[in-house]
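# Just to be clear, the model below is a prediction. Sequence and coordinates:
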Amino acid sequence: MNLDFDFLFKIIIIGDSGVGKTTLLSQYVDNIYNSNYISTIGVDFKIKTINVNNKVIKLQLWDTAGQERFRTITTCYYRGANIILMCYDITDKSTFINLNMWFSEIKKYASPNVIIILCGTKNDLELKRQVSYEEGKDYAEKNDFIFFETSSKENLNIDKVFENSTKKLLTKISVQTEEQPIQNKKNINANIETSFYHTAKKQCCY
């Protein structure tokens, strides 16, 4: 099968409702900022293809609902994730405090080798800040996360979040022979089709 990419990576975005997960993803994939997004119901899904280290990477990007009532749905998407973007709102201290809960879910449901990015959103609202940059950085360093503060409105660090995490993942992938990535590709198309199927099913049922 002749596919137009070298690797397929699954990325999920988690965090409390209202922290800006959907606006971040929309800015990254569609270059669109809309402050009036409604809360995600269940799980939303986008795809973006990027070039990193001379490799064509297809990203499956899963935007999960932050409300507790959807937790049993969203936790199943942790399995198989290569990268998890854990978000909090720098203007809402409670979303930072709740990071411990989100991290406990990662440890429970995700692979121990998953790459975690800690993302402080809404950096443009400096006057409303409740969580300092140093607090976010210290939390990330303590847990060995990649750390960024972002602004979807100003498109600050959005590309860097995904580029840096993808680069880190690529360094962990050791390709011993040319046959290994070819073998991986045999299962990629089936994975994509399954992902689309499950997404459509979840959105029509919830």
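Done, it's in.

# where do the strands sit along this protein?
For the chain, the strands defined by DSSP state E cover 7-15, 43-52, 55-64, 83-89, 115-121, 146-149.

# how about those, which one is nearest Thr22?
Evaluated with C-beta to C-beta, these place strand 55-64 nearest to Thr22, the distance being 5.5 Å. (C-beta placed from N, C-alpha, C; glycine too.)

# The closest one to strand 7-15, inter-axis angle?
30 degrees (axes from the mean of the first three to the mean of the last three C-alpha atoms, to 10 degrees).

# just to revisit the earlier point, between the strands of the chain, which one is nearest to Ile173?
That would be, of the strands of the chain and by C-beta to C-beta, strand 7-15, which comes in at 7.4 Å.

# before we move on, back to that, least reliable of the strands of the chain by average pLDDT, please.
Lowest mean pLDDT within the strands of the chain: strand 43-52, a mean of 88.

# That one: partners in the sheet, and parallel or antiparallel?
Paired with strand 43-52 in the same sheet, following DSSP bridges, are strand 55-64 (antiparallel).

# where's the strand it pairs with relative to the chain centroid, distance-wise?
Mean C-alpha position of strand 55-64 versus that of the full chain (C-alpha atoms, centre = their mean, to the nearest Å) differs by 8 Å.

# Counting neighbours, which bits of it end up buried?
When neighbours are counted by 16 or more other C-beta atoms under 10 Å, the buried residues of strand 55-64 are found to be 57-64.

# what about this structure, any weak spots by pLDDT?
Scanning the chain for pLDDT under 70 picks out the ranges 1-3, 35-43, 65-74, 174-206.

# So Ser165 sits against Ile146, correct?
Yes: assessed by C-beta atoms under 8 Å, Ser165 is found in contact with Ile146 at 5.9 Å.
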